[in-house]
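Visitor: Okay, predicted coordinates and the sequence, questions at the end:
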Amino acid sequence: MNVQEFNADFHIHGPRSIGVSKNMDLPNMVHGAYQKGLQLVATGDCFQPDWLKYLKENLEPVKGGFKYKDVHFILQTEVEDEESVHEIILMPGFDVLDAIKKKFKPSSSNIDHEWGGRPRVNLSPGEIVEIVVGEGGMVGPAHAFTPFKSIFRQGKFDNLAAAYGNQAKNVHFLELGLSANTDYADRISDLHKLTFMTNSDAHAPSPVSLGREFNTFLAEAPVFEEVELAITRKDGRKFTRNVGFDPRMGKYNVLFCKACRRRVLVETISQAVAVSTLLGGEKYDAEFIHHGVLSDAEYLAYLKRVNAGKVTCPACTQDGKKSRIMLGVSDRVRLLADRPENEHPPHRAKYITVVSLAEMLRVAMGIGSSGSKSLEKVYDDLVAKFGTEINLLLSVDLKTVDMAELQAKYKKHEKLFKTLVDIIQSFRENKISFKPGGGGTFGELVFDE
Ligand SMILES: [Zn+2]
Ligand SMILES: [Zn+2]
């Protein structure tokens, strides 16, 4: 056996899903994969007829898999089942894809639609699994804890069997989503047997999106059969790393108002503050609602009331009615948890927290958006110098790193690269702080020199 490690992103979208960049094509995906350092990328949306035709014409079949230039690809799509749960499907070849699609088609009105990238398939979660696995593919829940379209969302399923019935045994992986990590998901015993995935769900091929979360697995080659062995942990194949966001950087980490999308920060306060808050009402500003609790028990009771749909927003009304507060991922996990934090099954891959280089540059450059053109130029220069983003963030020796040449090129941004190195250093030392994301707004890195 001759195994080695591969970096892979198993969930992206094709250009025929709403909101996906028109630049999403194989050459751009390969360029993004080079910059990030990925050897295997999912095709995304491979049931959609135009994208499927493009993939059939352009992917080069190799032993057990597919390639474009020297990046491997795996046939992948996401579907929405009749419970509005999103599932990721991986397939070994076009024959299996065609067979699954044929069985889904009578239950889907948009699987062949121009914009049916992620089709709705009106079958139960268990029926989806039965068909996919029966034809030789693999399937597991996507972004499993997000407040919308996920298996464990508020008011939906509490465990795998509740969703998949007797097909739960055929589900071997679960995607954590950007707002959760391994520490969160392993608080739920039911999930210990699964392999966790960290994927990007990218809607653009640039490495700001592609591979913003990725997996490292040990196998002989980055092809379906080996991926299946790694997911089921057989013959020495396995996942070795989940590389992902700090959950607070995700879009749905904390409680939020369904209407105004303010995020709720629950803070433990003293009795004296509680009294003054009662007199003065709950505090809120344009972005955050501050909810004070006196104890952990009170915190939990508050979450249970939110889960039951009984907490309304102090800051806004919708159609004359008070709008509801909804659980973030961290809160939903807390309600499902039957174990303390930091207990992992022996097979669990190590979770490596990354903050994207783009986000670090945004902070170092003191700008609002990580999608700006000037930032992209600096990003490209850094990757050209250090090979890949992953290498710069995780491996380069920061003590001896020489940024003088780059700093000379970007004279306008005084101290840009010194600040960047400081940020990478504090990130490696786990000393970075965050403004948590929620209600659809990403979290932000906060860095004080
Ligand atoms: Zn989804
Ligand atoms: Zn509100």
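Guide: Thanks, I have the structure now. Ligands and ions are numbered 1, 2, ... in the order given.
Visitor: Please make it C-alpha for all contacts and neighbour counts, starting now.
Guide: Will do.
Visitor: and whichever strand in the chain runs longest, what does it pack onto?
Guide: The strand that spans the most residues within the chain, counting by DSSP state E, is strand 71-80. Strand 71-80 makes packing contacts with strand 40-42, strand 65-68, strand 86-91 when contacts are defined by 3 or more CA pairs under 8 Å, 6 or more residues apart in numbering; DSSP states H and E.
Visitor: Which of those sits closest to ligand 2?
Guide: Proximity to ligand 2 (CA to the ion) singles out strand 86-91 among the helices and strands packed on strand 71-80, at 26.6 Å.
Visitor: following that closest one, which helix or strand shows up next?
Guide: Proceeding N to C from strand 86-91, the next assigned helix or strand is helix 94-104, under DSSP states H and E.
Visitor: what sits up against that following helix?
Guide: Phe47, Lys56, Leu75, Met91, Val121, Ile131, Val132, Glu135, Gly136, Gly137 (CA atoms under 8 Å, 6 or more residues apart in numbering).
Visitor: Compare those residues and tell me which is most surrounded.
Guide: Leu75 (28 neighbours; other CA atoms under 10 Å).
Visitor: Roughly how far does it sit from ligand 2?
Guide: 41 Å (CA to the ion, to the nearest Å).
Visitor: same thing with Phe6?
Guide: 44 Å.
Visitor: With Ala163 instead?
Guide: 31 Å.
Visitor: I'd assumed Gly126 was in contact with that residue.
Guide: Yes: Ala163 lies in contact with Gly126 (CA atoms under 8 Å); the separation is 7.0 Å.
Visitor: Moving C-terminal from the worst-scoring helix or strand of the chain on mean pLDDT, which element do we reach first?
Guide: One helix or strand of the chain scores below all others by mean pLDDT, DSSP states H and E: helix 271-280, with a mean of 64. Per DSSP H and E, the first helix or strand lying C-terminal to helix 271-280 is strand 283-284.
Visitor: next helix or strand past that next one?
Guide: strand 288-293.
Visitor: Can you name the element that comes right after that following strand?
Guide: Next along from strand 288-293, by DSSP H and E: helix 296-307.
Visitor: List the buried residues of that following helix.
Guide: For helix 296-307, burial by neighbour count (16 or more other CA atoms under 10 Å) applies to Tyr299, Tyr302, Leu303, Lys304, Val306, Asn307.
Visitor: From the residues you listed, pick out the ones that also neighbour ligand 2.
Guide: Near ligand 2, judged by CA under 5 Å from the ion, there are no entries from the buried residues of helix 296-307.
Visitor: Tell me which two in the residues you listed are the farthest apart.
Guide: Tyr299 and Asn307 (12.4 Å; CA to CA).
Visitor: Enumerate every residue touching the single nearest residue of the stretch 151-300 of the chain relative to ligand 2.
Guide: Of all residues in the stretch 151-300 of the chain, Cys260 sits closest to ligand 2, at 4.0 Å by CA to the ion. Contacts for Cys260 were tallied using CA under 8 Å, 6+ apart; they are Cys316.
Visitor: Could you grab the helix/strand/coil label for it?
Guide: Classification of Cys260 by DSSP: H, G, I helix; E, B strand; the rest coil places it in coil.
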